[in-house]
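Trainee: sequence and predicted structure, then a few things I'm wondering about:
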Amino acid sequence: MDFEKVKAHPLYQPLLLGVTALLASVSLAWASSATKSAIEAAEARDLRDSLAQVLPAGFADNDLLADTGEINVGAEKPLRVYRARKGQEIKGVVFKVIGKGYGGEIVILMAVDTAGSVLGVRILKHTETPGLGDKIDIAKDDWVQRFNGKALDASNRARWAVKKDGGDFDQFAGATITPRAVVQAVKGGLETFAAHKAALSGETP
Amino acid sequence: MSASLKTLMKDGLWDNNVVFAQMIALCPAAAVTTSGTNGLGMGMATTAVLVVANILVALIRNVVSEQVRIPVFVVLIATLVTVVDMALNAWLHELYKVLGLFIALIVVNCAILGRAEAFASKNSVGASAVDGLAMGLGFTFALTLIGLIREFLGSGTLFAQAPQLLGESFAFLEVQVHAHGGALLMILPPGAFAVLGFLMAGKRALDNKLAARQNTAPKERDSVPSPLA
């Protein structure tokens, strides 16, 4: 029988599509299981690098990735914190906050010491405009360093804003929404920390 | 073979260039070309996928029937790109952090389906591999050129952050041409369309001039914009 005739048969089409879909699923499932552990290890390494970046050198002597807690801060999801310890004592915590930027969510990692001062801020993920808003990225500009050592209290609440809004932080030429979003998000993180200080900087009950 | 090899390369790089002549895959061409480095990265990732996709399509071309070829190719290419994406993420994680953004975009790159349909489904495995390579290199050339022009006019640099993509030994590529910023518009989407338009017009003018010199009519290419673009 001629193969060209077989190929034109109405039954050949669903059969071919079915086999294609089956082979695709099998190879995807195989690739996914073969790469899963390596991807998880690589992502853990990335996170560990970021955690090391928001803390001053020598600030902690524990493995932050192994020392986490889920704290209920009244949001939809509990907040995951990484505790930085020296000896056995908790010296600070690291957690993520989300800012609403110009191009979407800005994922920010921030570290706070037990007194409530910012230790460091890094942008983990953003989709801001290249050349305008992406100066929040440490690879492009050192702007995020300006948060270091800053604290939030009743007297300086209004200063936690970009200069255009009467605050202390520079905006970028042509981009105000992005730095405003980051400042707001970090300020929110400090407010969360202040409101749940005992739970955040204490042992998980 | 050597003559057709030459034709295939010339076709991919110039005569039938994916961006400048076929005018497809303009979405990635406009979206990622904010710098020469980005254009080069997207081009290299696409070239790799194009070659492998062309080979696979040429291998199965006799089994696939006319009626359902498009969905079969789409599933094949999407699977291939997803597997490459996962493998890079797992084993070449540093490279993935730079290229990861581009790989996801390759799934929707119609140049790959275009070559599968127009060439690989009708030609031998070897010719398809060469065609994939030639088209990929042409795409890389176009994207790098657009990226360099936009980068130069928009931020005054050439190949910024090249070491992050190619390794420290390529740090010499990174050049700061002038320091006073530049026309921000060129980095934004309108800049992509402006540069693309001027480059297409330039290519056409050059082709016409060459054709006039040889006293032959310019070759009509199938440069009708594809509805897939």
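Mentor: Received it, and whenever you're ready, just let me know what you need. Residues are numbered from 1 along each chain as shown, chains lettered A, B, ... in the order given.
Trainee: how long is stretch A:163-182 end to end?
Mentor: Start-to-end span of stretch A:163-182 (CA to CA, to the nearest Å) is 13 Å.
Trainee: touching chain B at all, that stretch?
Mentor: Yes - Stretch A:163-182 is in contact with chain B by CB under 8 Å from any CB of the partner chain, via A:G174. For the C-beta atoms, the positions are set from N, CA and C on the backbone; glycine is no exception.
Trainee: give me the residues contacting stretch A:66-85.
Mentor: A:51, A:55, A:59-62, A:64-65, A:90-96, A:111, A:192, A:195-196, A:199-201, A:204 (CB atoms under 8 Å, 6 or more residues apart in numbering or on different chains).
Trainee: now list the buried members of those.
Mentor: Burial by neighbour count, 16 or more other CB atoms under 10 Å in any protein chain shown: within the contacts of stretch A:66-85 this picks out A:51, A:55, A:59-60, A:62, A:64, A:90-96, A:111, A:192, A:196, A:199-201.
Trainee: which ones among those are found in strands?
Mentor: Counted as lying in strands by DSSP state E, out of the buried ones among the contacts of stretch A:66-85, are A:I90, A:K91, A:G92, A:V93, A:V94, A:F95, A:K96, A:A111.
Trainee: which among the residues you listed gets closest to chain B?
Mentor: Closest approach between these and chain B, by CB to the nearest CB: A:K96, at 18.2 Å.
Trainee: now do the helices in the chain.
Mentor: Unless you meant another one, I'm taking chain A. Here chain A has its helices, by DSSP state H, at A:3-8, A:12-54, A:177-195, A:197-200.
Trainee: actually chain B
Mentor: B:2-10, B:26-31, B:36-60, B:69-91, B:93-106, B:110-115, B:125-155, B:162-166, B:189-213.
Trainee: for chain B, what lies in contact range of chain A?
Mentor: Counting by CB under 8 Å from any CB, chain B sits next to chain A at B:34-35, B:62-68, B:71-72, B:75-76, B:78-79, B:82-83, B:86-87, B:89-91, B:93, B:96-97, B:154-155, B:161, B:184, B:187-188.
Trainee: show me the shaky parts of chain B.
Mentor: B:1-3, B:180-181, B:215-229 (pLDDT under 70).
Trainee: now the most centrally placed residue in chain B: closest residue in space, sequence neighbours ignored.
Mentor: Using CA atoms, centre = their mean, the residue of chain B that lies closest to the mean C-alpha position is B:F139, 2.5 Å off. Closest residue to B:F139 apart from its sequence neighbours, by CB to CB, 6 or more residues apart in numbering or on different chains: B:V18 at 4.6 Å.
Trainee: do I have it right that the one you found meets B:A111?
Mentor: Yes - with contact defined as CB atoms under 8 Å, B:V18 reaches B:A111; the gap is 4.8 Å.
Trainee: show me which of these two is the more surrounded one.
Mentor: B:V18 (30 against 26; other CB atoms under 10 Å in any protein chain shown).
Trainee: now the more buried one: how far from B:Q67?
Mentor: 27 Å (CB to CB, to the nearest Å).
Trainee: residues near A:K36, how many?
Mentor: 12.
Trainee: where's it relative to A:D137, distance?
Mentor: 29 Å.
Trainee: contact partners for the closest residue to A:K100 other than its chain neighbours?
Mentor: Distances taken as CB to CB, 6+ apart put A:A181 closest to A:K100, at 5.4 Å, once the chain neighbours are dropped. Contacts for A:A181 (CB under 8 Å, 6+ apart) come out as A:G99, A:K100, A:G101, A:Y102, A:I106.
Trainee: in CSV, list these along with neighbour count and distance to A:A42.
Mentor: Formatted as CSV, those follow (neighbours: other CB atoms under 10 Å in any protein chain shown; distance: CB to CB, whole Å):
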residue, neighbour count, distance to A:A42
A:G99, 25, 25
A:K100, 12, 29
A:G101, 25, 26
A:Y102, 17, 29
A:I106, 23, 23
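Trainee: export those to a markdown table and tack on distance to B:M200 and pLDDT?
Mentor: Below are the contacts of A:A181 laid out as a markdown table (distance: CB to CB, whole Å; pLDDT from 0 to 100):
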| residue | distance to B:M200 | pLDDT |
| --- | --- | --- |
| A:G99 | 39 | 94 |
| A:K100 | 38 | 93 |
| A:G101 | 34 | 91 |
| A:Y102 | 30 | 88 |
| A:I106 | 36 | 93 |
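Trainee: show me what contacts residue 200?
Mentor: Because you didn't say which chain, this covers chain A. Per CB under 8 Å, 6+ apart, neighbours of A:L200: A:I71, A:V73, A:L79, A:V81, A:V93, A:F95, A:T192, A:F193.
Trainee: I was after chain B.
Mentor: B:F20, B:M23.
Trainee: over to B:I106?
Mentor: B:P28, B:A45, B:T46, B:V49, B:V81, B:I112.
Trainee: may I ask which two of those residues are separated the most?
Mentor: Maximum pairwise distance in those, criterion CB to CB, is 12.6 Å, between B:P28 and B:V81.
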